[in-house]
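# Just the structure for this:
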Amino acid sequence: MLRFDIPQVCANAYRIQAAVSMTIATLYLFTPFKWAALLLAFGGALRGFVSPHKCLSFRLFSGITGRLGLRKLQNAGSKMFADKVAAVAGAVMVVTWLLDSPVGAFPAWAILIFAGLDLATGFCAACWAYGLWYKLRPQS
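Numbers count the residues shown, from 1 in each chain. This is a model prediction of the structure:
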C-alpha cells in the first residue's frame, strides 16, 4: 500500500542507512559486539512502524543528501516495509544472541548481503517484494 499519510522519503538517505545496517551486521557476525543488533532492531522498528521522519539517523542522512543535492524522493511505503523486515531480522539477532544460539547469523548474513546490494546498486530487494506483492494480490 502506498503511504500518502507519511511524507516521501529520500532513497539516497536510505542507501546511507544501508551502510549502517551493513556495519551492524558485520559487527554481529565478526566481532563480539552482538549487542549492536539492538540498534538494527530499534531503528528498523522506529522507521518501519512509526515513521522514518522520527528517526535521528534518517533525518541526519536526509539532511546530508539534501545539502549535497542528492535528494531523490520516493513513496515511504516500500522503505517502511524494508525497515519492518530489518526490525524483525534485528529482533531475531538479539534474541538468538541472548540465547547464545548461532541462528542469528542467518538474518545477519541476509542483512549484510541485501543492504550491500542496496548500497552498491540502489536495488532494494524488500522494496521490490513489496511492489510485487501489491501487483499480484487481488484488488478488492
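
# Quick check: chain neighbours aside, which residue is closest to the residue nearest the centre of the chain?
By C-alpha atoms, centre = their mean, the mean C-alpha position of the chain lies nearest to D83, the distance being 3.9 Å. Nearest non-adjacent residue to D83, counting by C-beta to C-beta, 6 or more residues apart in numbering: G48, 3.1 Å away. All C-beta spots, glycine's among them, are computed from the backbone N, C-alpha and C.

# Now do the SS call for that neighbour.
helix (DSSP: H, G, I helix; E, B strand; the rest coil).

# And the residue nearest to the centre of the chain, its phi and psi?
phi -70, psi -30 (degrees, to the nearest 10).

# From here on, call the first residue 744.
All right, first residue 744 from here; so that's D826.

# Please verify my assumption that it contacts G787.
Yes - with contacts defined as C-beta atoms under 8 Å, D826 counts as touching G787 at a distance of 4.7 Å.
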